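J.: I would like to see how this sequence folds:
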Amino acid sequence: MKFKVGDRVRVKEGLISNKSYDGIRFAPEMQEYCGKKYIAESFVTGNRVWRLEGIEHWVFSDEMLEPAPFGKSDLKTGMQVRTNAGGLYMVLENIDTKVYGKQQFILANFEGGFLCGSDYDDELKHADHSKYDIAKVYDVPVTGSILKPLRCAAPIWKREEEPIEITVKEIADWKGVSPERIRIRED
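T.: Numbers count the residues shown, from 1 in each chain. Next comes the predicted model:
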């Protein structure tokens, strides 16, 4: 089984109507779901077949689905995010839809500062400063104050850390030694 209940999935683009995928026929009426994200709601036993949250009349096989990356459209009011710089913000819906012609979100922090959703791409990267890239997303209930500090909450999404590329000269400069003194050893 490729997926489990609760996984974020996307119905693959380019599925062919009336073709069978893992023994399940992809009906022409299912085309409207291609490219859209869903939660794998329940597993139908006996086959690798899924019911997807919000779709009542159709089931999908593993072969019709792919993992769905967490993106900008998945942020919901009340979620909390942590940026690369360590700042904690709450996602708030911006009710002023006149600015960009569509609904946007605002990230508000403890100190009254905010970041605008229009400055983020779908991969949750900030247009101007990587320190504001969203590193973690939490879906925690809000009680009392607007932002409740996260103590033991596990993130529902976490950015994969990108490998650091560095030269021997950069290491030498950082350590204040000549590059000839640097020896790289395997762990």
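
J.: tell me the contacts of the residue nearest the centre of the chain?
T.: Centroid-nearest residue in the chain: Phe70, 1.9 Å away (criterion: Cα atoms, centre = their mean). Contact analysis of Phe70 by Cβ atoms under 8 Å, 6 or more residues apart in numbering lists Arg8, Leu124, Val137, Ile156, Trp157. Quick note: C-beta positions are derived from backbone N, CA and C, even for glycine.

J.: These: which two are farthest apart?
T.: Within these, two members stand farthest from each other by Cβ to Cβ: Arg8 and Leu124, at 14.1 Å.

J.: between those two, which one's more packed in?
T.: Leu124 (22 against 17; other Cβ atoms under 10 Å).

J.: State the distance from the more buried one to Lys76.
T.: 13 Å (Cβ to Cβ, to the nearest Å).

J.: Could you look up the SS state of Ser73?
T.: Secondary structure, DSSP: H, G, I helix; E, B strand; the rest coil: Ser73 is helix.

J.: which residue packs closest to it, ignoring adjacent ones?
T.: With Cβ to Cβ, 6 or more residues apart in numbering as the criterion, Ser73 has its nearest non-adjacent residue at 7.1 Å, and that residue is Asp122.

J.: Now name the helix or strand holding the one you found.
T.: Using DSSP states H and E, Asp122 sits within no helix or strand.

J.: Run through the residues that contact it.
T.: Contacts of Asp122 (Cβ under 8 Å, 6+ apart): Gly71, Lys72, Ser73.

J.: Going through those residues, which one is the model least confident about?
T.: Ranked by pLDDT, the contacts of Asp122 bottom out at Ser73, which has 81.

J.: all helices in this protein, in order from the N-terminus.
T.: With helices called from DSSP state H, the chain shows them at 168-175.

J.: Pretty sure Lys37 sits against Pro67.
T.: No. Applying Cβ atoms under 8 Å, one finds Lys37 not in contact with Pro67, separated by 10.0 Å.

J.: and these two? which has more neighbours close in?
T.: The neighbour count for Lys37 versus Pro67, taken as other Cβ under 10 Å, is higher for Lys37 (17 against 11).

J.: Who does that one form a beta bridge with?
T.: With DSSP bridges applied, Lys37 shows beta-bridge pairing to Arg10.
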